[in-house]
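Student: sequence and computational prediction follow.
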Amino acid sequence: MSAPLQARLLVDCKAGLGEGVQWHRQTRRVYWTDIDGNILWSATETGESVRQVALDAPLCDFAFTPDGNMLAGFADALCWLDPRTGVRRVIETYMSGNPDTRMNNGALDRQGRFIIGGIHTAGLEPVTPVWSISRGRVRPILTEVGCASATAFSPDGTRMYFADSRGPDILAYDYDTVTGMPRDARIFATLEPDEGAPDGACVDAEGALWTACFGGGVVQRWLPDGRRDLTVRLPVPNVTCCALGGMKMQRLFITTARSGMNPDDLDKTPEAGGLFAVDVPVKGLPVGTYRR
């Protein structure tokens with residue numbers, strides 16, 4: 001394996017819980033959310049022209065639509081969201097009978113379906129579903145999840161990656177591109193104890209999986225056969241999500257979090273919660289848009 005890459009601070013946004021980062025080719029901007037701060041952030045690939053859009057609820061993850069709007073997973077509901085104004089319109093509420101749950105991590109499959117799961121915030125109890133949203137229809141494709149993370153798809157769309165952050169394992173599923181259903185789960189990779197828990201992920205053009213390691217201060221690249229490859233180190237512990245983008249599709253954008261850190265920890269790692277970036281020797285894949 002090569003020597004670890006070092007990520008640098010791109011935007012010192014001090015997010016409570018940065019998440020959902022992705023590159024939007026049409027606007028040539030990187031977008032991410034601060035779940036705790038009720039803010040949608042965006043910037044150029046060099047960290048300039050930073051914008052904040054205030055929201056009326058925690059935004060957990062999102063997918064762009066062809067017209068530049070978003071299908072957005074908020075803590076309380078699946079919504080249509082105008083990313084320019086922050087105005088949202090509820091489509092369907094999420095687990096309204098359990099106040100200790102919210103939406104969490106999602107991704108588009110290669111056919112344009114939005115796959116998003118939840119989290120039980122009071123103890124990661126396995127009570128939340130993973131939803132698939134396609135052409136306005138919502139249906140569960142996984143159940144009994146404590147904290148949905150690492151959702152990503154192989155370049156041909158036939159493999160789905162997923163993790164429940166209650167444990168160190170990243171799973172791989174065979175994914176039916178016609179029905180949109182995952183099956184035959186098996187362990188793809190396992191984090192070491194000092195790497196924390198698997199969090200947000202993306203797949204590059206070579207089919208390798210990049211996984212943020214919450215509590216571990218790194219992003220790890222895994223080859224399609226599950227072997228470890230490149231490691232990206234950050235100067236902060238809570239690494240939450242990653243996405244490849246930029247004009248050359250070779251910049252890895254990485255969100256982090258300040259949530260759960262005490263004042264001493266924050267004094268030692270003042271860049272916690274920032275958006276980081278590093279240029280990598282492989283290209284990413286276009287994310288695509290949600291097909292309404």
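Tutor: Cool, the structure landed.
Student: quick check, Pro182 in contact with Tyr173.
Tutor: Yes. Using Cβ atoms under 8 Å, Pro182 is in contact with Tyr173, at 3.6 Å. Where you see a C-beta, it was placed from the backbone N, CA and C, and this is true even at glycine.
Student: list the residues that contact both of the two?
Tutor: In terms of Cβ atoms under 8 Å, 6 or more residues apart in numbering, Pro182 and Tyr173 are both contacted by the residues Met160, Phe162.
Student: measure Leu266 to Gly215 for me?
Tutor: 15 Å (Cβ to Cβ, to the nearest Å).
Student: what does Arg228 give?
Tutor: To Gly215, Arg228 is 18 Å away according to Cβ to Cβ.
Student: more crowded one of those two?
Tutor: Gly215 (18 against 12; other Cβ atoms under 10 Å).
Student: correct me, but that one touches Pro193?
Tutor: No. Contact between Gly215 and Pro193 fails when scored by Cβ under 8 Å: they sit 9.9 Å apart.
Student: before we move on, which element is Phe214 in?
Tutor: strand 209-215 (DSSP states H and E).
Student: starting at the chain centroid, how far to that strand?
Tutor: When distances are taken as Cα atoms, centre = their mean, to the nearest Å, strand 209-215 is centred 10 Å away from the chain's centroid.
Student: check which element follows that strand along the chain.
Tutor: strand 218-222.
Student: please name the strands paired to that following strand in the sheet, noting orientation.
Tutor: Strand pairing for strand 218-222, using DSSP bridges, gives strand 209-215 (antiparallel), strand 228-233 (antiparallel).
Student: for it, list the C-alpha coordinates in PDB.
Tutor: Once non-C-alpha atoms are left out, strand 218-222 reads as follows in PDB (Å, rounded to 0.1, in the frame of the first residue of the first chain):
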ATOM      1  CA  VAL A 218      -9.300   8.500   8.200                       C
ATOM      2  CA  VAL A 219     -11.000   7.700   4.900                       C
ATOM      3  CA  GLN A 220     -10.100   4.200   3.700                       C
ATOM      4  CA  ARG A 221     -10.100   3.000   0.100                       C
ATOM      5  CA  TRP A 222     -11.000  -0.700  -0.400                       C
END
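Student: that's all I had, so thanks and see you.
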